[in-house]
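*Asks:* With the input below, show me the fold.
(chains A, B, C and D)
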2 protein chains.
Amino acid sequence: MARTQAADYSERRAAIVDMAARLYADKGFLGASVADLAEALGASKSLIYHYYPSKEEILFEVMDQHLRLLSAAAEDVLARDLPPRDKLRALARAFMGLYVGAADRHKVLLNELSALPPARRAEIVARQRRLIGDVEQLLTAINPDLSPPLRRPAAMLFFGMINWTHTWFRADGPVGAEQVADLAADLTLLGLRGL
Amino acid sequence: MARTQAADYSERRAAIVDMAARLYADKGFLGASVADLAEALGASKSLIYHYYPSKEEILFEVMDQHLRLLSAAAEDVLARDLPPRDKLRALARAFMGLYVGAADRHKVLLNELSALPPARRAEIVARQRRLIGDVEQLLTAINPDLSPPLRRPAAMLFFGMINWTHTWFRADGPVGAEQVADLAADLTLLGLRGL
DNA sequence: CCTACCGATCGGTAGG
DNA sequence: CCTACCGATCGGTAGG
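*Replies:* This is a model prediction of the structure:
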């Protein structure tokens, strides 16, 4: 009787990506070896190379999966029947929520882009650009008087507030993720109104 | 006759740190080898180890020098006889100016902290905290009604806007560093007033 | 200030 | 002849 793909094939792949996210976040992509990853999983390196063709492809998987969640959350928020101002607040909360729920993956997505092979990097960058474009459009809807050349910088400052949280925000700290998201949304909204 | 220190000792040290900043910014600290650094300098690895005891110590020098510039700029701005709101704007401009003038060092300071040995890392972190505390005090002076637990997050969102620029801002782009600094200051000031 | 090396570890693959 | 793995080791390169 021919043996088929292991029943837990996708669970094993998920376990590898999950542990890789943790190690890459802690030690950096170059600082965490495949041997480290194998040891953390209680498996051999060969086991890892059975599931993924290269170390870089595991990094791509970490980033790809997380970026899919971010994009899906953005699509979901933008499709809602809400005023643009409420959409921005909802977006800030969604991003912060995903950051808290997947801090390792978030950190890897933000820090290790340059470690990807060019083709893979281009895939990630293209989707990040779409996300940035969405926010830019939202800011323009909120304040149509915002000068066109300042729209991209304004969107990037918003992302800066949200993305930089990975360096200081602690889920077990005194201020919650939702409060920080609201603070970032408020600075953007009040600033946008005043400009 | 005992040989004395080479006349160009400090120039050579400076050249090493400067090139290291460029390579560490481009390829990451772990991605740039000491051999890469030597080759870029047209020198041997041994030459480098004559001037610095370890690869990590060169990294510390890159970060230390840049952070000194940031701290000095902050001290200078805070000592001026200006309303707090104007100090925040001047601070944003000073930080963006240093970023543009030393993009490599700025990037290294923000990205490679975890590569420092613990004692050296603690030195850098302590001085970064002082800078953050200064901004926190400034924000509190601007709006004394800002709830105490939100003061640190507000300061970190400000730093997020400024620091994140290293991922997207180009000095040869359509919008100048001063404009971006003013935009970040405006979002913070208008937001702080509205909260 | 260089060439010549070291102990160790890197990402990836062999046979079975 | 298949898939799922292991212990051991490959050719090169890292920091020093």
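*Asks:* can you dump the C-alpha coordinates of the helix or strand hosting residue A:11 into PDB?
*Replies:* Per DSSP states H and E: residue A:11 is located in helix A:9-27. This file holds the C-alpha atoms of helix A:9-27, laid out as PDB (Å, rounded to 0.1, in the frame of the first residue of the first chain):
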ATOM      1  CA  TYR A   9       2.100  17.700   7.100                       C
ATOM      2  CA  SER A  10       0.600  21.100   7.300                       C
ATOM      3  CA  GLU A  11       0.800  21.100  11.100                       C
ATOM      4  CA  ARG A  12       4.600  20.400  10.900                       C
ATOM      5  CA  ARG A  13       5.100  23.200   8.400                       C
ATOM      6  CA  ALA A  14       3.200  25.500  10.700                       C
ATOM      7  CA  ALA A  15       5.300  24.500  13.700                       C
ATOM      8  CA  ILE A  16       8.500  25.200  11.700                       C
ATOM      9  CA  VAL A  17       7.300  28.600  10.600                       C
ATOM     10  CA  ASP A  18       6.100  29.500  14.100                       C
ATOM     11  CA  MET A  19       9.400  28.600  15.800                       C
ATOM     12  CA  ALA A  20      11.400  30.300  13.000                       C
ATOM     13  CA  ALA A  21       9.400  33.500  13.700                       C
ATOM     14  CA  ARG A  22      10.400  33.300  17.300                       C
ATOM     15  CA  LEU A  23      14.100  32.700  16.700                       C
ATOM     16  CA  TYR A  24      14.400  35.200  13.800                       C
ATOM     17  CA  ALA A  25      12.700  37.900  16.000                       C
ATOM     18  CA  ASP A  26      15.000  37.100  19.000                       C
ATOM     19  CA  LYS A  27      18.300  36.700  17.200                       C
END
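*Asks:* helices or strands up against that helix?
*Replies:* Counting contacts by 3 or more Cβ pairs under 8 Å, 6 or more residues apart in numbering or on different chains; DSSP states H and E, helix A:9-27 packs against helix A:34-41, helix A:45-51, helix A:55-79, helix A:103-111. No exception for glycine: its C-beta is placed from N, CA and C like everyone else's.
*Asks:* Take those helices and lay them out in a markdown table including mean neighbour count, distance to chain B and mean pLDDT.
*Replies:* Shown next, in a markdown table, are the helices and strands packed on helix A:9-27 (neighbours: other Cβ atoms under 10 Å in any protein chain shown; distance: least, Cβ to the nearest Cβ, whole Å; pLDDT from 0 to 100):
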| stretch | mean neighbour count | distance to chain B | mean pLDDT |
| --- | --- | --- | --- |
| helix A:34-41 | 16 | 13 | 90 |
| helix A:45-51 | 14 | 19 | 89 |
| helix A:55-79 | 18 | 13 | 95 |
| helix A:103-111 | 22 | 7 | 95 |
